[in-house]
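Engineer: The following comprises the amino acid sequence and a computationally predicted model.
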Amino acid sequence: MTASQMRVDLLVVGFGKGGKTLAAAMGKRGFQVAMVERSEQMYGGTCINIGCVPTKALVHEADLRRPQDDAEDWYRHAVKNTSDLTGLMRGNNFRMLDTLDTVTVITGRARFADPHTVEVTAGADRLTVRADTIVINTGAEPVTGGFAIGGRVVTSTELIATPELPRRLVVVGGGYVGVEFAAMYARFGAEVTVLDHAPHILHREDRDVATVAADILRGQGITLVGEADVTDVTDLGSHAAVTYRQNGVSTTIDADAVLVALGRKPATADLGLDAAGVQVTATGAVAVDDHLRTSQRHIFAVGDVNGGPQFTYVSLDDHRIVLDQLVGAGTRSTADRVAVPNTVFLTPPLARVGLTETQARTAGHAIRVASKLVAQLAASPRPKIVHETRGLMKFVVDAATDQILGAALLCADAQELINLVALAMRHGITASELRDTIYTHPSSTEAFTEVLAGLA
Ligand SMILES: Cc1cc2nc3c(=O)[nH]c(=O)nc-3n(C[C@H](O)[C@H](O)[C@H](O)COP(=O)(O)OP(=O)(O)OC[C@H]3O[C@@H](n4cnc5c(N)ncnc54)[C@H](O)[C@@H]3O)c2cc1C
Ligand SMILES: NC(=O)c1ccc[n+]([C@@H]2O[C@H](COP(=O)([O-])OP(=O)(O)OC[C@H]3O[C@@H](n4cnc5c(N)ncnc54)[C@H](O)[C@@H]3O)[C@@H](O)[C@H]2O)c1
């Protein structure tokens, strides 16, 4: 066993998006920085290793598969290509920090010993790091719902690393991970069933939007079961059995793999936060103020661990706030955030920003709504050109001010289009201005003109 000590200006715990960007920025300014990551397989964090990047790479690989392509072969190659990509990005992420003289990357599990000290353990090795400022960036971990993960019962992390295509996949949970994986595995050739305890998948969306999305998934052959109370998941070796109750009737289905996708909870359990005097919320997130300071002023929390929206770009924006606190004017805050968009990577993608129609009405806004099925767009030929005429485009607009309150875009290129709508919302561009601007042709954006012309 070896034990040693080091002292730094800034200690970042967890190699996530916000933390690594902050570590590089502070290191380049001449501060002594330590980055602690528990696994060398996770340099760069969730997004590039087990989250956004591999899943979106697999969605792309699945979309390229033609019906005549052998499903198993195609899937095996897709997993290999994806693993190569994440390996490349992991190496680049490691080097980004390791090549800075001021930054030390430490591989080991971090745990607070006191408010300024973290103990890092790796096997028998132990390192004590003392720091003036500490940033917690440990991310989130899957909620397992009491189901035993192992063998054929997996989370997204294990499933994307498995080179054998599950011919029958049961997905428990119809949120982001659930529907993205359902759509992707169906396109790889699997028979997919999604079970959710909510009445509908994508239950945060307006019913009309969720219905069109559900129709697209059903059109891919996916079985969607709402109001399903999953009572048992058993790995029987040769296959798994999933039992659920719906409307008082109990049903058991067999699966080659069961994906548990019930959400992700902040990773705070083993951090020794008590020893640091850092408070957590009722949901186990690190409690932070608008400047992402914890109950200890010198300790910040960025990314999923602080209980905010679980997106890579939110973690990135968290780093801007902390950097501003450490070396800037100290004015930037989470309260400044307006119109943060998101995308569910179905094919076509479903992207949304701002309020849904339901949320806008509930909040008491007098609204106008414009909504059009992509198949009914007459003056916007791009969907027909790219053979993707499924979906719906919807805007929710304040009747009095003409300000855009929200949009749901379920169409080709939605993951790009939504950023333009978000920018318009942030800068007060009205629905009429978005409608009447000059767009290239043929493009996906020009559909805004036609859809917004239908504001009722
Ligand atoms: C399957 C999937 C798909 C997703 N797709 C998208 C998407 O398309 N777009 C999007 O924006 N978001 C997506 N997300 C969410 C996104 O990945 C996360 O919001 C984001 O990566 C969170 O980053 P973070 O900065 O909070 O930390 P993370 O990137 O989660 O990093 C935390 C790091 O801390 C390490 N760690 C934890 N505890 C310790 C400890 N005690 N000591 C040392 N190290 C520790 C972990 O190993 C990990 O590397 C997806 C998530 C999943 C699971
Ligand atoms: N494209 C993206 O940006 C993207 C992709 C994947 C994940 N993510 C992030 O990761 C987070 C986690 O994703 P997720 O899909 O695991 O969580 P989620 O919260 O999006 O969805 C969980 C789903 O599980 C259902 N559920 C919960 N308990 C259940 C039970 N006992 N039985 C049946 N159904 C149950 C819920 O109704 C919900 O539909 C997301 O919130 C998102 O922020 C983002």
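Structural biologist: In hand now; what should we look at? Residues are numbered from 1 along each chain as shown. Ligands and ions are numbered 1, 2, ... in the order given.

Engineer: For the chain, what lies in contact range of ligand 1?
Structural biologist: The chain has residues 13-18, 36-39, 42, 45-47, 51-52, 55-56, 109-110, 137-139, 156, 177, 267, 270-271, 303-305, 310-313, 315, 345 near ligand 1, with proximity defined as CB under 6 Å from any ligand atom. In short, each C-beta sits where N, CA and C put it, glycine included.

Engineer: how close does the residue of the stretch 151-300 of the chain found nearest ligand 1 get to L127?
Structural biologist: When scored by CB to the nearest ligand atom, the stretch 151-300 of the chain has S156 as its residue closest to ligand 1, at 3.9 Å. Per CB to CB, to the nearest Å, S156 is found 31 Å from L127.

Engineer: One more: V53?
Structural biologist: 30 Å.

Engineer: next one: I149
Structural biologist: 30 Å.

Engineer: Also L259?
Structural biologist: 37 Å.

Engineer: before we move on, what about L355?
Structural biologist: Taking CB to CB, one finds L355 at 48 Å from L127.

Engineer: Need the pLDDT of A3.
Structural biologist: We have a pLDDT of 68 for A3.

Engineer: I misspoke; the intended subject was E205.
Structural biologist: At E205, pLDDT is 95.

Engineer: Contacts only, for it.
Structural biologist: E205 makes contact with A213, L350, R352, T356, A408, according to CB atoms under 8 Å, 6 or more residues apart in numbering.

Engineer: neighbour count winner among I149 and L127?
Structural biologist: Set I149 next to L127 and count neighbours by other CB atoms under 10 Å: L127 wins out with 20 against 15.

Engineer: That one in helix, strand or coil?
Structural biologist: Secondary structure assignment for L127 (DSSP: H, G, I helix; E, B strand; the rest coil): strand.

Engineer: Check T234 too.
Structural biologist: strand.

Engineer: Same question for V53.
Structural biologist: Applying three-state DSSP: V53 is helix.

Engineer: so how far is ligand 2 from it?
Structural biologist: With distances taken as CB to the nearest ligand atom, to the nearest Å, V53 is found 11 Å from ligand 2.

Engineer: picking that back up, got the contact list for the closest residue to the residue of the stretch 151-300 of the chain closest to ligand 1 other than its chain neighbours?
Structural biologist: Distances taken as CB to CB, 6 or more residues apart in numbering put V177 closest to S156, at 5.2 Å, once the chain neighbours are dropped. Contact analysis of V177 by CB under 8 Å, 6+ apart lists S156, L259, A261.

Engineer: which among the residues you listed are in contact with ligand 2?
Structural biologist: A261.

Engineer: So which of the contacts of V177 wins on neighbours?
Structural biologist: So for the contacts of V177 (other CB under 10 Å), the most neighbours sit at A261, 26 neighbours.

Engineer: per-residue confidence at that residue?
Structural biologist: 98.

Engineer: Dihedrals phi and psi, it?
Structural biologist: Main-chain torsions, A261, degrees, to the nearest 10: phi -130, psi 70.

Engineer: quick one: it and V172 touch, right?
Structural biologist: Yes. The criterion here is CB atoms under 8 Å, and A261 meets it with V172 at 6.6 Å.

Engineer: Overlap in contacts, the two.
Structural biologist: Common neighbours of A261 and V172 (CB under 8 Å, 6+ apart) are G178.

Engineer: ok, the residue nearest the centre of the chain - contacts?
Structural biologist: Nearest to the geometric centre of the chain sits F311, at 4.4 Å (CA atoms, centre = their mean). Counting by CB under 8 Å, 6+ apart, F311 touches V340, N342.

Engineer: Tell me how far it lies from R337.
Structural biologist: From F311 to R337 the distance is 12 Å (CB to CB).

Engineer: Name the residues of the helix or strand of the chain with the lowest mean pLDDT that are buried.
Structural biologist: The weakest-scoring helix or strand in the chain, judged by mean pLDDT, DSSP states H and E, is strand 3-13 (a mean of 95). In terms of neighbour count (16 or more other CB atoms under 10 Å), strand 3-13 has its buried residues at V8, D9, L10, L11, V12, V13.

Engineer: try stretch 405-414
Structural biologist: L405, G406, A407, A408, L409, L410, C411, A412, D413, A414.

Engineer: Could you dump the residues you listed into CSV with distance to G330 and pLDDT added?
Structural biologist: Output for these, formatted as CSV (distance: CB to CB, whole Å; pLDDT from 0 to 100):
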residue, distance to G330, pLDDT
L405, 31, 98
G406, 31, 98
A407, 33, 98
A408, 36, 98
L409, 36, 98
L410, 40, 98
C411, 41, 98
A412, 42, 98
D413, 38, 98
A414, 36, 98
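
Engineer: nearest to ligand 2, of these?
Structural biologist: Closest approach between the buried residues of stretch 405-414 and ligand 2, by CB to the nearest ligand atom: A414, at 11.4 Å.

Engineer: In this structure that closest one contacts L346, no?
Structural biologist: No. Contact criterion CB under 8 Å: A414 and L346 do not qualify, at 9.2 Å.

Engineer: what does the chain have sitting close to ligand 2?
Structural biologist: Residues of the chain lying near ligand 2 (CB under 6 Å from any ligand atom): 145, 172-178, 180, 195-198, 203, 230, 261-264, 310-311, 342-345.

Engineer: If we use 5 Å, what do you get?
Structural biologist: 145, 173-177, 196-198, 261-264, 310 (CB under 5 Å from any ligand atom).

Engineer: Taking the residues you listed, tell me the two that lie furthest apart.
Structural biologist: By the measure CB to CB, H197 and Q310 form the most distant pair in these, at 19.6 Å.

Engineer: who are the neighbours in contact with the closest residue to ligand 2 within the chain?
Structural biologist: Ligand 2 sits closest to G175 of the chain, with a gap of 1.8 Å, by CB to the nearest ligand atom. Residues near G175 by CB under 8 Å, 6+ apart: D196, L202, A261, L262, G263.
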